[in-house]
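[1] Below are the sequence and a predicted model; questions follow.
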Amino acid sequence: MFCRNCGNMMGNNAVVCVNCGAAKGSGNSYCPNCGKETNPNAAFCLNCGCALTNTNIVVGENAKSKLVAGLLAIFLGGLGIHNFYLGYNQKGVIQLLITLLGSCLFFIGPIVTGIWALIEAIFIFTGKINVDGNGNPLKD
(Lines give C-alpha, C1' and ligand atoms only; values in the text may rest on other atoms or scores of the structure.)
Protein backbone atom coordinates (compact mmCIF):
# COMPACT_ATOMS: atom_id res chain seq x y z
CA MET A 1 0.00 0.00 0.00
CA PHE A 2 1.21 3.50 -0.83
CA CYS A 3 0.27 6.92 0.53
CA ARG A 4 -2.19 8.72 -1.77
CA ASN A 5 -0.70 12.06 -0.71
CA CYS A 6 3.09 11.54 -1.13
CA GLY A 7 3.52 8.08 -2.72
CA ASN A 8 5.53 6.68 0.22
CA MET A 9 5.20 2.96 1.04
CA MET A 10 2.81 2.33 3.98
CA GLY A 11 2.13 -0.76 6.06
CA ASN A 12 -1.28 -2.39 5.60
CA ASN A 13 -2.21 -1.64 9.22
CA ALA A 14 -0.95 1.96 9.12
CA VAL A 15 -3.45 4.68 9.98
CA VAL A 16 -1.29 7.62 8.85
CA CYS A 17 1.71 8.03 6.57
CA VAL A 18 4.96 8.36 8.55
CA ASN A 19 6.46 10.43 5.73
CA CYS A 20 3.84 13.19 5.33
CA GLY A 21 1.36 12.55 8.18
CA ALA A 22 -1.66 12.19 5.87
CA ALA A 23 -4.46 9.88 6.99
CA LYS A 24 -4.72 6.52 5.24
CA GLY A 25 -6.61 6.97 1.97
CA SER A 26 -6.45 10.77 1.96
CA GLY A 27 -4.91 12.56 -0.97
CA ASN A 28 -5.32 12.01 -4.69
CA SER A 29 -1.85 12.36 -6.23
CA TYR A 30 -0.57 8.77 -6.09
CA CYS A 31 -1.94 5.27 -6.67
CA PRO A 32 -2.44 3.34 -3.41
CA ASN A 33 -1.65 0.05 -5.19
CA CYS A 34 1.55 0.79 -7.16
CA GLY A 35 2.64 4.21 -5.84
CA LYS A 36 2.87 5.85 -9.27
CA GLU A 37 1.84 9.50 -9.65
CA THR A 38 -1.72 9.92 -10.95
CA ASN A 39 -3.95 12.66 -12.25
CA PRO A 40 -5.97 13.99 -9.26
CA ASN A 41 -9.21 13.62 -11.25
CA ALA A 42 -8.48 10.10 -12.56
CA ALA A 43 -10.90 7.28 -11.75
CA PHE A 44 -8.24 4.57 -12.12
CA CYS A 45 -4.45 4.24 -12.27
CA LEU A 46 -3.04 4.15 -15.80
CA ASN A 47 -0.09 2.06 -14.58
CA CYS A 48 -1.83 -0.81 -12.73
CA GLY A 49 -5.57 -0.24 -13.35
CA CYS A 50 -6.43 0.15 -9.66
CA ALA A 51 -9.62 2.12 -8.88
CA LEU A 52 -8.75 5.50 -7.37
CA THR A 53 -12.18 6.80 -6.37
CA ASN A 54 -13.63 6.12 -2.92
CA THR A 55 -10.72 3.88 -1.95
CA ASN A 56 -10.87 4.94 1.69
CA ILE A 57 -14.62 4.62 2.32
CA VAL A 58 -15.74 1.00 2.36
CA VAL A 59 -18.54 -0.14 4.61
CA GLY A 60 -18.30 -3.89 5.05
CA GLU A 61 -20.83 -6.52 6.07
CA ASN A 62 -19.66 -6.41 9.68
CA ALA A 63 -19.87 -2.63 9.99
CA LYS A 64 -21.31 -1.40 13.26
CA SER A 65 -24.54 0.60 13.16
CA LYS A 66 -24.44 4.28 14.05
CA LEU A 67 -28.05 4.08 15.27
CA VAL A 68 -27.39 1.12 17.57
CA ALA A 69 -24.25 2.75 18.99
CA GLY A 70 -26.08 6.01 19.64
CA LEU A 71 -29.05 4.33 21.31
CA LEU A 72 -26.74 2.22 23.47
CA ALA A 73 -24.94 5.41 24.50
CA ILE A 74 -28.23 7.06 25.48
CA PHE A 75 -29.79 4.15 27.38
CA LEU A 76 -26.79 2.15 28.69
CA GLY A 77 -23.98 4.65 28.19
CA GLY A 78 -23.20 5.05 31.87
CA LEU A 79 -21.99 1.45 31.82
CA GLY A 80 -19.91 2.02 28.66
CA ILE A 81 -21.90 -0.54 26.66
CA HIS A 82 -21.74 1.56 23.47
CA ASN A 83 -17.94 1.62 23.70
CA PHE A 84 -17.79 -2.17 24.06
CA TYR A 85 -20.10 -2.43 21.02
CA LEU A 86 -17.83 -0.17 18.96
CA GLY A 87 -14.66 -1.97 20.08
CA TYR A 88 -13.33 0.78 22.36
CA ASN A 89 -12.91 -1.72 25.21
CA GLN A 90 -10.49 0.32 27.31
CA LYS A 91 -12.83 3.32 27.33
CA GLY A 92 -15.76 1.02 28.13
CA VAL A 93 -13.94 -0.49 31.11
CA ILE A 94 -13.08 3.00 32.40
CA GLN A 95 -16.73 4.10 32.16
CA LEU A 96 -17.90 0.91 33.85
CA LEU A 97 -15.41 1.30 36.72
CA ILE A 98 -16.24 4.98 37.23
CA THR A 99 -19.93 4.10 37.40
CA LEU A 100 -19.50 1.18 39.79
CA LEU A 101 -16.90 2.76 42.08
CA GLY A 102 -18.53 6.18 41.93
CA SER A 103 -21.85 4.73 43.05
CA CYS A 104 -20.37 4.52 46.55
CA LEU A 105 -19.72 8.29 46.54
CA PHE A 106 -23.26 9.67 46.47
CA PHE A 107 -23.84 8.55 42.88
CA ILE A 108 -21.29 10.98 41.44
CA GLY A 109 -19.83 8.26 39.16
CA PRO A 110 -23.07 7.43 37.35
CA ILE A 111 -23.85 11.13 36.87
CA VAL A 112 -20.41 11.79 35.36
CA THR A 113 -20.49 8.76 33.05
CA GLY A 114 -24.11 9.52 32.10
CA ILE A 115 -23.14 13.00 30.92
CA TRP A 116 -20.05 11.56 29.20
CA ALA A 117 -22.21 8.97 27.39
CA LEU A 118 -24.78 11.58 26.34
CA ILE A 119 -22.01 13.68 24.79
CA GLU A 120 -20.67 10.60 22.98
CA ALA A 121 -24.20 9.82 21.72
CA ILE A 122 -24.38 13.31 20.24
CA PHE A 123 -20.93 12.79 18.66
CA ILE A 124 -22.06 9.46 17.17
CA PHE A 125 -25.27 10.90 15.70
CA THR A 126 -23.50 14.00 14.30
CA GLY A 127 -20.66 11.96 12.76
CA LYS A 128 -17.80 13.16 14.96
CA ILE A 129 -17.41 9.53 16.03
CA ASN A 130 -17.71 7.78 12.67
CA VAL A 131 -15.42 4.74 12.98
CA ASP A 132 -15.32 1.74 15.29
CA GLY A 133 -12.35 0.64 17.40
CA ASN A 134 -10.73 -1.00 14.36
CA GLY A 135 -11.04 2.09 12.17
CA ASN A 136 -13.93 0.72 10.10
CA PRO A 137 -16.61 3.26 9.16
CA LEU A 138 -19.98 3.07 10.90
CA LYS A 139 -22.99 2.36 8.70
CA ASP A 140 -26.01 4.65 8.82
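    Thanks, I have the structure now. Everything numeric here is computed off the predicted structure, so don't read it as measured data.

[2] and residue 115, what element?
    Secondary-structure assignment from DSSP states H and E places residue 115 in helix 108-126.

[3] roughly how far is that helix from the heart of the chain?
    Centroid separation between helix 108-126 and its chain, computed with Cα atoms, centre = their mean, to the nearest Å, is 18 Å.

[4] what do you get for stretch 88-101?
    That offset, for stretch 88-101, works out to 20 Å (Cα atoms, centre = their mean).

[5] do the same with stretch 2-18
    The answer for stretch 2-18 is 17 Å, by Cα atoms, centre = their mean.

[6] So for it, mean pLDDT?
    Computed over stretch 2-18, the mean pLDDT rounds to 87.

[7] how long is that stretch end to end?
    11 Å (Cα to Cα, to the nearest Å).

[8] buried stuff in that stretch?
    Across stretch 2-18, burial judged by 16 or more other Cβ atoms under 10 Å covers 2-7, 10, 17. (Each C-beta comes from the backbone N, C-alpha and C, glycine too.)

[9] can you list these in JSON lines and add distance to residue 65 and secondary structure?
    Shown next, in JSON lines, are the buried residues of stretch 2-18 (distance: Cβ to Cβ, whole Å; DSSP: H, G, I helix; E, B strand; the rest coil):
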{"residue": "2", "distance to residue 65": "32", "secondary structure": "strand"}
{"residue": "3", "distance to residue 65": "31", "secondary structure": "coil"}
{"residue": "4", "distance to residue 65": "28", "secondary structure": "coil"}
{"residue": "5", "distance to residue 65": "31", "secondary structure": "coil"}
{"residue": "6", "distance to residue 65": "35", "secondary structure": "coil"}
{"residue": "7", "distance to residue 65": "36", "secondary structure": "coil"}
{"residue": "10", "distance to residue 65": "29", "secondary structure": "coil"}
{"residue": "17", "distance to residue 65": "30", "secondary structure": "coil"}
